[in-house]
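> got a predicted structure here, sequence first:
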Amino acid sequence: MCDQKQFLSGLNKLGLSLTPQQTESILLYCQELRKWSKRINLIARHTSPTDIVEKHFLDSLTLVPVIQQYGLSLEQGRGGNNKISKISLLDIGTGAGFPGLVLATAQPQLSVTLVEPRQKRVSFLRHIIRTLGLSNVQVTDQRIEPGQGWDGTEFTFITSRAVAAADIFLPMIEGMTTAKTVVIMMNAGDEQQRMDQRVTGWQCLEERKFFLPFSQHPRTLTLLQKVG
């Protein structure tokens, strides 16, 4: 199993906390990831146990304050005409479940949809969902096309862990967003979000810059919303 003391230390350094059951679930997830990675390509080979904990699990959990802040604001401001019925997150190109499946484990009130086209990774994701007994997450292997909608579902959050630059990613998900949807772009802190003249109709709500707790590698969360 992954190092519990190290994981809890990282949580503390990031100012985050989980219940004992949530911690146990994430450590089991980590253990299964290491086991499956010996057979299929889930993460970079020879990734150290410390890097797995920090750069995959803790990095994913840095979205928790965003979800709590903006999700709570939506709940408090919800009116009868708001079509978003619950706090939901769409994670495109989730890979081995980062950040969406980690967030589903840590935030049971969050409804999560994982998009991953590679079948071996889909099998892993479904295995983790069954193993942890998660009822708030679903997986799809469909590919996202520019301008595509999503069966009438309107998501509270849409995220991507460095799937594509903003000028490529935002047009791709535009058909899935409303004026209330918060798009969370995750990047290494030294990567610049390319919001050039070809990207119109979006506003930056804020940028959250921080450092991972052990390596001190920089990270940036860019929060965007459709104008109007």
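Thanks, I have it.
> I'd like to know how far residue 223 sits from residue 7.
Distance of residue 223 to residue 7, given as CB to CB, to the nearest Å: 26 Å. All C-beta spots, glycine's among them, are computed from the backbone N, C-alpha and C.
> of those two, who's got more company?
residue 7 (21 against 18; other CB atoms under 10 Å).
> neighbours of the closest residue to that one other than its chain neighbours, how many?
Leaving aside its sequence neighbours, residue 7 sits nearest to residue 53 (CB to CB, 6 or more residues apart in numbering; 5.4 Å). Residues lying near residue 53 (other CB under 10 Å) number 23.
> touching, residue 53 and residue 8? I think so.
No: in this structure residue 53 lies outside contact range of residue 8 using CB atoms under 8 Å: 10.2 Å.
> just the helices in the protein please.
Counting by DSSP state H, one finds helices in the chain at the ranges 4-13, 20-36, 49-52, 59-61, 64-76, 100-106, 119-132, 166-173.
> out of those helices, deepest packed?
helix 100-106 (a mean of 26; mean count of other CB atoms under 10 Å).
> for residue 208, see how far away residue 122 is.
Distance from residue 122 to residue 208, by CB to CB: 30 Å.
> okay but residue 144 is in contact with residue 173, surely?
Yes: assessed by CB under 8 Å, residue 144 is found in contact with residue 173 at 7.1 Å.
> what do these two both touch?
Any residue near both residue 144 and residue 173 by CB atoms under 8 Å, 6 or more residues apart in numbering counts here, and that gives residue 92.
> so what's the closest residue to residue 14 other than its chain neighbours up against?
Spatially, and ignoring its direct neighbours in sequence, residue 14 is nearest to residue 213 (5.9 Å; CB to CB, 6+ apart). By CB under 8 Å, 6+ apart, residue 213 lies in contact with 9, 10, 13, 14, 54, 58.
> swap in residue 124?
By CB under 8 Å, 6+ apart, the contact list for residue 124 reads 32, 33, 36, 40, 42, 96, 97.
> what do you get for residue 120?
Going by CB under 8 Å, 6+ apart, residue 120 touches 40, 41.
> with residue 70 instead?
156, 157, 182, 223.
> ok, the residue positioned nearest the centre of the chain to residue 201 distance?
Central residue of the chain (CA atoms, centre = their mean): residue 99, 3.0 Å from the mean position. Distance of residue 99 to residue 201, given as CB to CB: 25 Å.
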